[in-house]
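**Q** Okay, sequence plus prediction incoming.
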Amino acid sequence: MTHEAIIVGGGQSGLATAYYLLRAGVDTLVLDDQPQAGGAWQHVWPSMTLFSTAEFSNLPGWPMPAYDGFPNAEHVVNYLSAYEQRYSIPVERPVQVRRVSAEGQVFKIDSPNRSYAAQHVVGATGTWSAPFIPTYPGTYSGTQWHASTYPGIESFRGSTVAVVGAANSAAQIAAELTAVADVTWYTRHQPRWMPDDIDGRELFRRNRLRALAIQRGEADPGADSNLGDIVMLPEVLKARNSGRLKATPLFSSLDEVQADHLIWCTGFRPALKPFRGTEGIHYVGYGDWVGPGAATITGVGPYAKAAARTIAEALGKKVK
Ligand code: FAD
């Protein structure tokens with residue numbers, strides 16, 4: 001059977017795209033390699049929260065249920081799971097897509113157990129499965145982690161820890177570790193703190209304005225980084241203001257790192273391996289590479305809609 005559309009990835013980006021495709025009457029299937037709904041939010045570290053409140057964390061159609069403060073990952077996972085059910089989004093899991101290739105007018109989507117076929121393919125595989133660690137000279141003999149594998153503070157109690165990175169995950173992880181460990185926070189430049197009262201709301205508003213300007217063909221008004229990079233979540237603010245969270249200039253060789261643990265908070269890359277070399281795929285999510293705010297819960301909607309509209313129109317259908 002050839003589906004009209006297959007979406008690879010069943011996180012928020014895949015679900016938002018499915019929402020619009022299904023509303024247009026497009027025969028859609030989502031393939032996701034996780035055993036359950038929730039995408040990357042199932043794997044984040046225990047204390048990680050959204051930096052936007054629930055009312056600013058909405059997928060198209062149905063707002064996130066209320067939450068007091070910044071929602072934790074469990075709240076996000078429950079929301080994504082309920083969203084999937086609410087709109088009867090057909091998701092097959094766990095199905096790991098290894099390769100998407102074009103065969104004439106049809107795409108062939110291969111997983112270890114079976115192959116699928118679709119007229120259109122959406123890539124919504126996110127970034128979590130592609131953590132990025134830069135290369136440095138020298139050797140380090142302690143235990144290395146990436147933010148994507150950071151298990152929370154308990155494993156680090158009483159130890160020395162080096163945290164690398166100048167953005168939000170590094171600031172959050174270093175801040176909470178200062179309560180239990182001797183932390184050296186390495187940054188390539190001085191931390192760029194956002195004003196204390198700026199949270200996800202303002203960021204999403206700016207991302208939206210930026211995306212609209214780009215869509216209208218106007219000059220790019222610039223990224224949010226002119227505001228600073230680090231959102232002042234309560235734990236980060238407390239650690240910085242008490243002097244516990246201080247940055248140290250980045251090492252030039254791993255030989256300089258003496259800590260028991262080294263945690264790389266150095267970001268992610270789009271997980272595009274299955275699509276490499278194949279043209280004509282629609283990409284949703286992933287971040288600035290797709291468009292401002294595209295990786296966020298609130299920001300993904302317009303990109304999901306645009307991809308769904310292109311697919312629906314090619315099939316003679318219309319996104320409502
Ligand atoms: P994912 O959630 O990663 O979903 C992709 C799905 O595809 C996953 O289930 C994955 O396992 C699956 N997949 C991958 N490869 C394959 C394959 N080959 N075959 C089948 N399935 C596959 N956003 C906000 O709105 N607010 C925030 O506060 C916020 N904080 C963030 C903090 C961090 C540290 C990070 C990394 C991101 C944050 N984001 C935030 C951004 C965003 O919400 C997440 O990155 C989100 O997980 C992106 O959703 P997604 O659907 O694009 O990708």
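**A** Structure's in. What do you need?
**Q** Point out where the chain drops to low pLDDT.
**A** 199-201, 223-228 (pLDDT under 70).
**Q** now the helices for it?
**A** With DSSP state H as the criterion, the chain has helices at 12-23, 73-86, 168-177, 200-215, 234-241, 300-314.
**Q** among those helices, which is the most enclosed?
**A** Ranked by average neighbour count under the criterion mean count of other CB atoms under 10 Å, the helices of the chain are headed by helix 12-23 at a mean of 27. C-betas here are computed from N, CA, C, even on glycine.
**Q** hang on, the earlier thing: just so I know, which of the helices of the chain lies nearest the ligand?
**A** Between the ligand and the helices of the chain, the tightest spacing by CB to the nearest ligand atom is seen for helix 12-23, at 3.4 Å.
**Q** what's in contact with the closest one?
**A** Outside helix 12-23, the residues that touch it by CB atoms under 8 Å, 6 or more residues apart in numbering are 5, 7-8, 28, 30, 32, 39, 59-61, 80, 83-84, 87-91, 122, 124, 126, 282, 284-286, 294-295, 297, 300-301, 303-305, 307-309, 311-312, 319-320.
**Q** Pull out the buried positions in the longest strand anywhere in the chain.
**A** Longest strand of the chain, by residue count under DSSP state E: strand 115-123. Neighbour-count burial for strand 115-123 flags 116, 118, 119, 120, 121, 122, 123 (criterion: 16 or more other CB atoms under 10 Å).
**Q** So which of the helices of the chain is nearest residue 258?
**A** helix 168-177 (16.1 Å; CB to CB).
**Q** So which of the buried residues of strand 115-123 is the closest to residue 45?
**A** For these, the closest approach to residue 45 (CB to CB) belongs to residue 123, at 26.0 Å.
**Q** So which residues on the stretch 101-250 of the chain come close to the ligand?
**A** Within the stretch 101-250 of the chain, the residues that sit near the ligand (CB under 6 Å from any ligand atom) are 124, 125, 126, 128, 129, 169, 200.
**Q** So what's the residue count around residue 110?
**A** 15 (other CB atoms under 10 Å).
**Q** who's in contact with the closest residue to residue 20 other than its chain neighbours?
**A** Distance criterion CB to CB, 6 or more residues apart in numbering; nearest residue to residue 20, sequence neighbours excluded, is residue 308 at 3.4 Å. For residue 308, the contacting residues are 17, 20, 21, 24, 26, 319, by CB under 8 Å, 6+ apart.
**Q** same question, residue 124
**A** Contacts of residue 124 by CB under 8 Å, 6+ apart are 7, 8, 9, 10, 11, 13, 14, 17, 283, 284, 285.
**Q** Among those, which one has the most neighbours?
**A** residue 7 (34 neighbours).
**Q** how far away is it from residue 105?
**A** 19 Å (CB to CB, to the nearest Å).
**Q** Likewise for residue 17?
**A** 21 Å.
**Q** Kindly report the same for residue 89.
**A** Distance, residue 89 to residue 105, by CB to CB: 25 Å.
**Q** again, but for residue 85
**A** 33 Å.
**Q** ok, now residue 273?
**A** On the measure of CB to CB, residue 273 and residue 105 end up 24 Å apart.
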